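Asker: any chance you can model this:
(chains A and B)
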Amino acid sequence: MVGNVAPPGRSLHRFANPGRFMRLSGALLPWLAAAAVLVCAVGVVWGLVFAPRDWQQGDTVRIMYVHVPAAWWAMGGYLGLAVASFVSLVWRHPLADVAAVAIAPVGAVFTAICLATGSLWGKPMWGAWWVWDARLTSVLVLFFLYLGHIALTNAFDEPERAARPAAILALIGAINLPIIKFSVDWWNTLHQPASVTRFDAPAVHVDILWPLLISGLGFGLAFAAIVLLRMRTVLIERRVRAILAARGMEGAGVSRPVPAA
Amino acid sequence: MSEFLAMGGYAAFVWPSYVIGIGGLAVLALVSLRQWRAAKAELGRLEAAGLSRRGRREDR
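Answerer: Model (predicted):
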């Protein structure tokens, strides 16, 4: 593994150790996965069955319990990708690059879910599957940023060499996050403005807010669990690569190196 | 029950949203789990063949 430079702060360094990470994440993962399934199930049933229909939007408002959590974690995931990329660039933290590689595909799926469910909501409410307004367009850009990160990561034979260019891409793309967040305020978008994540109190009733927050928590737990699993996979894949490279067996027919993520 | 399934006339939009949302998460989780198992199996094969990073140090 490239760049085993100790990051500043002993407390941080303790978690930099991949062996320690494997032990901790291995113990945490079953609980995280179980909590994700349970909380998602509660959120879905609450959203589909018990939450009230909207007086204007009817039952289409139930799409919100999938669409908004997916959107939250599509953006939260990119924030995580940007932070991991920064730590990877500045301190060469050995797990930061692994985290970035693990987050990108998960973020891409969450963004795809957000776009698809938004489209399914837009058709009956706006009369269009898609409009090029600032919110929708900036989220589409987010999707392409994730895809670009994945493509860049897989463009190198040695995944460690992709870390630096991929991190730079992720950090440049982070400028898109405030654009997504404030697009509904800065431009006259068809997409409605924020009703939960506002500086003052949320503008939705508790009967809608609670299932939304629970669904949001469930999606967040699922995001974290899948990222942890993928980080563990990337670490094992890199260990396999290291063994093969040390033995000079790459492409020798014994075993094919597994591409990272 | 049929009233619930009808989703106030918006069944064609509400149900696909939940299928895409929950289905998308489930497929991502299963694919990630398969990749984890494949990587573990690969490492297991190498270690069973007596290859490890410890072996690399002995070479030097």
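
Asker: tell me the SS of residue A:132?
Answerer: Taking DSSP: H, G, I helix; E, B strand; the rest coil as the rule, one finds residue A:132 in the coil state.

Asker: count of neighbours near it?
Answerer: When neighbours are counted by other C-beta atoms under 10 Å in any protein chain shown, residue A:132 registers 8. The way it works is simple: take the backbone N, C-alpha and C, and place the C-beta from them, glycine included.

Asker: same thing with residue A:168?
Answerer: Neighbours around residue A:168, by other C-beta under 10 Å: 13.

Asker: ok, residue 28 - contacts?
Answerer: All of this refers to chain A. If you count contacts by C-beta atoms under 8 Å, 6 or more residues apart in numbering or on different chains, residue A:28 has them with residue A:228.

Asker: meant chain B actually
Answerer: Counting by C-beta under 8 Å, 6+ apart, residue B:28 has contacts A:105-106, A:109, A:226.

Asker: looking at those, state which has the most neighbours.
Answerer: So for the contacts of residue B:28 (other C-beta under 10 Å), the most neighbours sit at residue A:106, 28 neighbours.

Asker: just checking, it is part of a helix?
Answerer: Yes - applying three-state DSSP, one finds residue A:106 inside a helix.

Asker: was I right about it contacting residue A:228?
Answerer: No - contact criterion C-beta atoms under 8 Å: residue A:106 and residue A:228 do not qualify, at 10.2 Å.

Asker: near chain B, list only the ones from the contacts of residue B:28.
Answerer: A:105-106, A:109, A:226 (C-beta under 8 Å from any C-beta of the partner chain).

Asker: just curious, which of these is nearest to residue A:93?
Answerer: Of all the ones next to chain B among the contacts of residue B:28, residue A:93 sits closest to residue A:106, with 19.5 Å by C-beta to C-beta.

Asker: what comes up buried for the helix or strand containing residue A:34?
Answerer: Element membership for residue A:34, per DSSP states H and E: helix A:18-45. For helix A:18-45, the neighbour count (16 or more other C-beta atoms under 10 Å in any protein chain shown) marks A:18, A:21, A:25, A:29, A:32-33, A:35-37, A:39-40, A:43-44 as buried.

Asker: do stretch B:2-17 as well
Answerer: For stretch B:2-17, a neighbour-count test (16+ other C-beta under 10 Å) marks B:7-8, B:10, B:13-17 as buried.
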